[in-house]
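J.: Need a 3D model of the sequence below.
(2 chains)
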Number of protein chains: 2
Amino acid sequence: MSRLESFIRRMSAQRDILDMVCRDMQLGDGPVIEFGLGNGRTYDHLRERLPGRRIIAFDRVNAANLKSLPPEGDLILGEIDQTAPAFAGIGAAFVHADIGSGYDELDAINLRWLPQLAVDLLAPGGIAASGVPMAHPQLTSLPLPDGIRPGRYYLYRRS
Amino acid sequence: MSRLESFIRRMSAQRDILDMVCRDMQLGDGPVIEFGLGNGRTYDHLRERLPGRRIIAFDRVNAANLKSLPPEGDLILGEIDQTAPAFAGIGAAFVHADIGSGYDELDAINLRWLPQLAVDLLAPGGIAASGVPMAHPQLTSLPLPDGIRPGRYYLYRRS
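T.: Numbers count the residues shown, from 1 in each chain, chains lettered A, B, ... in the order given. Next comes the predicted model:
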């Protein structure tokens, strides 16, 4: 399968999972955390699905399209593993991590800190979705929407 | 429609059009030109669909994943409107342009030079596909594959 086809399937899986989380999972009241703003397309999708909800986005640098730029105070720039721990305890309803680099070696480095950070930011019962697996004793895997191959995207609930 | 949903539809349209061009349109013998290498996902798709074909990629800077890096001599870096005219007359079988910026004003600037450049690189009868419209007297619009909304992607044959 070409990298283009794989990318389309990953983005479609992401959309389907975000839609299921926003529509069916009775999210708590806390903010949404977006790790990896990138161009801001996913931020735009979350904003459309969760009107009025605070979404705090993190990325190393700002590469967002101006149509999808978070408001002042809701875009935190810098190395995520350095900036985000200050938000521990914020009681997030949902953490979405789209920080896959396209290189397994780099993704493995991020996986050293990502699962614990997600747990620290989530409220009990909060939801995490990620393009990379997040093994952690407080994160329980949830079933994916129909049609998504296991291993393409990951969904968890924090205990 | 969110920017994520729109992006998925644009990438899916791109894939469907590339597949139709590579499978059904009896391309001539010349090289393929990819304007806008980006991450290299589309380059990877073209390479898979047209094994052995020379694909020359152009971009301002190299941002490709190492899995999709063209061989020496087939990646031309710099402003495309400055570098690509040197390849006029190369007799390309197919020119694919994925250089939309996400900003209408910037896209409008690219449209000043893109259609003529595509014509100059294409062999007579060659095919052009683009995420932006390319109005030119020597480019005749072709029908899109089923399911692609007009205006999402564009397909032409050079006279």
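
J.: Could you look up the SS state of A:Ala128?
T.: strand (DSSP: H, G, I helix; E, B strand; the rest coil).

J.: can you pull the pLDDT of it?
T.: The score at A:Ala128 is 98. That number is its pLDDT.

J.: surely it meets A:Gln138?
T.: No - if you go by Cβ atoms under 8 Å, A:Ala128 and A:Gln138 don't touch, sitting 10.0 Å apart. Using the backbone N, CA and C atoms, a C-beta is placed for each residue, glycine as well.

J.: Identify the contacts common to the two.
T.: Residues within reach of A:Ala128 and of A:Gln138 at once, by Cβ atoms under 8 Å, 6 or more residues apart in numbering or on different chains, are A:Arg158.

J.: Compare neighbour counts for the two and give me the winner.
T.: Set side by side, A:Ala128 and A:Gln138 show more neighbours around A:Ala128, with 27 against 15, by other Cβ atoms under 10 Å in any protein chain shown.

J.: For the more buried one, name its beta-bridge partners.
T.: On the basis of DSSP bridges, A:Ala128 is bridged to A:Val95, A:Tyr156.

J.: residue contacts, it?
T.: A:Phe94, A:Val95, A:His96, A:Ala97, A:Ala118, A:Leu122, A:Met134, A:Leu139, A:Leu155, A:Tyr156, A:Arg157, A:Arg158.

J.: tell me the contacts of A:Leu50?
T.: A:Cys22, A:Leu27, A:Val32.

J.: pLDDT value on it, please?
T.: 98.

J.: ditto for the one 10 residues further on
T.: pLDDT, the model's per-residue confidence, is 95 for A:Arg60.

J.: Also A:Ala108?
T.: 88.

J.: about what we covered before: ok, so of the contacts of A:Ala128, who is nearest B:Leu75?
T.: Closest approach between those and B:Leu75, by Cβ to Cβ: A:Ala97, at 31.2 Å.

J.: Closest one of the contacts of A:Ala128 to A:Ala57?
T.: So of the contacts of A:Ala128, ranked by how close each gets to A:Ala57 (Cβ to Cβ), first place is A:His96, at 9.7 Å.
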